[in-house]
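Peer 1: Structural data only, the sequence is not supplied:
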């Protein structure tokens, strides 16, 4: 009987530490599932094209597009308290390098997020490269 | 946390399986050299042009032919006599100028990531379904489920579209020069829809997030769709986007109706029973 009580206590401690990690978890439903519901940044924010970076301009020209195209939906969010950008190809967050200083304005932050995501997706270190090597049909 | 060492996925940097959320790691190196290609994409030249006569070719072979031509460096491909065949131009994960001289059947230009496509005729159901990036322009009308579940890119129909356009869309922009049918933007989660004409009943029903701009009349709004105020950023963006869409129509952008999510349905668990009835 005494052993059973001990295990119960340790389980409770673990759950409470998880809860304190994400301050965005507020509602009863979020507490129950241990995850945040909904987006944690403004996904509807339209890009301000006056803030576009030379790298992004070059990418647009390379692809033959007139504007940011799919990158209009890319924003600098955060995951686990760190600035991060969501990569739909790996269905996960890519955190920014720790020494990267981010501007305060969200429009400028979003442009950096777009640049970061392209560099990450086109990199030979991208997880899909390894995934394709392992599983691609011939 | 379960260890996955020794498994193929370990090589990808996934060393532990986090059961409570998404795995995240820093892969990004700011010193990474400038590269605009996916690692296995073809280096094509827009000035290198060729044609495919699709009259007596099955759709699978047409798609194989497109891939083969891209591997040879062709950056502009014209498809002649498409004959409204289904599933033409699907799965193009490359930059490319694809010109279709005629009409397409069901599921044309689906799951693409990057190409610029121009279709001179009409398209059937679910054109550009699951599109990730690129630009698709349809010169005439489109069937139902136009841009179903698109994730990104610009999808333009200069004519009118059927019902359920932008159903389940998770990003990108859909622009319709004419009218749109019932349930436009049904269960939309993200992205933007612009309709310059009228819209049928239940616009943006069960809208999770995203924005819809309507120039004409709205027959009725769906559950949880609400009107919002147009901002200067909205107007600037609309002006720019219609130029991209090559739609020459005089539009008073400030008079357009902007529809967003009331965000009641996705906070369903917080609602009192009486409020739930109202939301539905």
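Peer 2: Noted; the coordinates are in hand. Since this is a predicted model, take the numbers as computed values, not measurements. Numbering: from 1, shown residues only, chains lettered A, B, ... in the order given.

Peer 1: Could you list which residues are in contact with the residue of the stretch 151-280 of chain B found nearest chain A?
Peer 2: Here the stretch 151-280 of chain B gets closest to chain A at one residue, residue B:152, 2.9 Å apart by C-beta to the nearest C-beta. C-betas here are computed from N, CA, C, even on glycine. Residue B:152 makes contact with A:69, A:70, A:71, A:72, A:73, A:88, B:131, B:132, B:133, B:171, B:172, B:191 under the criterion C-beta atoms under 8 Å, 6 or more residues apart in numbering or on different chains.

Peer 1: in the strand or helix carrying residue B:234, what counts as buried?
Peer 2: Taking DSSP states H and E as the definition, one finds residue B:234 inside helix B:232-244. Applying a neighbour-count criterion of 16 or more other C-beta atoms under 10 Å in any protein chain shown, the buried positions in helix B:232-244 are B:234, B:237, B:238, B:241, B:242, B:244.

Peer 1: Quick check: which helices or strands does the next helix-or-strand element following it pack against?
Peer 2: Toward the C-terminus, helix B:232-244 is succeeded by strand B:257-261 as the next helix or strand (DSSP H and E). The contact analysis (3 or more C-beta pairs under 8 Å, 6 or more residues apart in numbering or on different chains; DSSP states H and E) places strand B:257-261 against strand B:211-214, strand B:225-228.

Peer 1: Neighbouring strands - and their directions - for the first one?
Peer 2: I take that to be strand B:211-214. When pairs are called by DSSP bridges, strand B:211-214 turns out to pair with strand B:190-195 (parallel), strand B:257-261 (antiparallel).

Peer 1: quick one: contacts of it?
Peer 2: Strand B:211-214 has contacts (C-beta under 8 Å, 6+ apart) with A:44, B:184-185, B:188, B:191-195, B:199, B:203-204, B:225, B:228, B:234, B:238, B:256-260.

Peer 1: chain center to it: distance?
Peer 2: Distance of strand B:211-214 from its chain centroid, counting by C-alpha atoms, centre = their mean, to the nearest Å, is 15 Å.

Peer 1: quick one: stretch B:233-252 to chain centroid distance?
Peer 2: Centroid separation between stretch B:233-252 and its chain, computed with C-alpha atoms, centre = their mean, is 18 Å.

Peer 1: ok, it near chain A or not?
Peer 2: Yes: contact between stretch B:233-252 and chain A is present through B:233, B:234, B:236, B:237, B:240, B:241, B:243, B:244 (criterion: C-beta under 8 Å from any C-beta of the partner chain).

Peer 1: Stretch B:79-92 now?
Peer 2: No: Stretch B:79-92 stays clear of chain A (C-beta under 8 Å from any C-beta), getting no nearer than 12.3 Å.

Peer 1: From the rest of the structure, what touches that stretch?
Peer 2: Under the criterion C-beta under 8 Å, 6+ apart, external residues in contact with stretch B:79-92 comprise B:51-55, B:58-59, B:62-63, B:66-67, B:70, B:98-115, B:117, B:121, B:124, B:134.

Peer 1: just the buried members of those?
Peer 2: The neighbour-count criterion (16+ other C-beta under 10 Å) marks B:52, B:54, B:59, B:62-63, B:66, B:70, B:98-100, B:102-115, B:117, B:124, B:134 among the contacts of stretch B:79-92 as buried.

Peer 1: ok and the helix holding residue B:234 relative to strand B:190-195, angle-wise?
Peer 2: Calculated by axes from the mean of the first three to the mean of the last three C-alpha atoms, to 10 degrees, helix B:232-244 forms an angle of 70 degrees with strand B:190-195.

Peer 1: and the residue lying closest to residue B:100 once chain neighbours are set aside, how many neighbours does it have?
Peer 2: Distances taken as C-beta to C-beta, 6 or more residues apart in numbering or on different chains put residue B:119 closest to residue B:100, at 4.4 Å, once the chain neighbours are dropped. Residues within reach of residue B:119, counting by other C-beta atoms under 10 Å in any protein chain shown, total 28.

Peer 1: okay if I get the strands paired with strand B:211-214 as TSV plus mean pLDDT?
Peer 2: Putting those into TSV (pLDDT from 0 to 100) gives the following:
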stretch	mean pLDDT
strand B:190-195	96
strand B:257-261	95
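
Peer 1: three-state assignment of the residue in chain A that chain B sits nearest to?
Peer 2: Among the residues of chain A, residue A:70 lies closest to chain B, at 2.9 Å counting by C-beta to the nearest C-beta. The three-state label for residue A:70, taken from DSSP: H, G, I helix; E, B strand; the rest coil, comes out as helix.

Peer 1: ok, now which ones touch residue A:50?
Peer 2: With contact set as C-beta under 8 Å, 6+ apart, residue A:50 has no partners.

Peer 1: is it true that residue A:94 touches residue A:83?
Peer 2: No: between residue A:94 and residue A:83 there is no contact, the gap being 10.1 Å when judged by C-beta atoms under 8 Å.

Peer 1: any chance of the buried residues of helix B:232-244 in a markdown table, plus pLDDT?
Peer 2: Written out in a markdown table, the entries for these read as follows (pLDDT from 0 to 100):
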| residue | pLDDT |
| --- | --- |
| B:234 | 93 |
| B:237 | 93 |
| B:238 | 95 |
| B:241 | 94 |
| B:242 | 94 |
| B:244 | 92 |
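
Peer 1: Residue B:158: which of those is nearest?
Peer 2: Taking C-beta to C-beta as the measure, residue B:158 sits nearest to residue B:242 out of those, at 11.1 Å.
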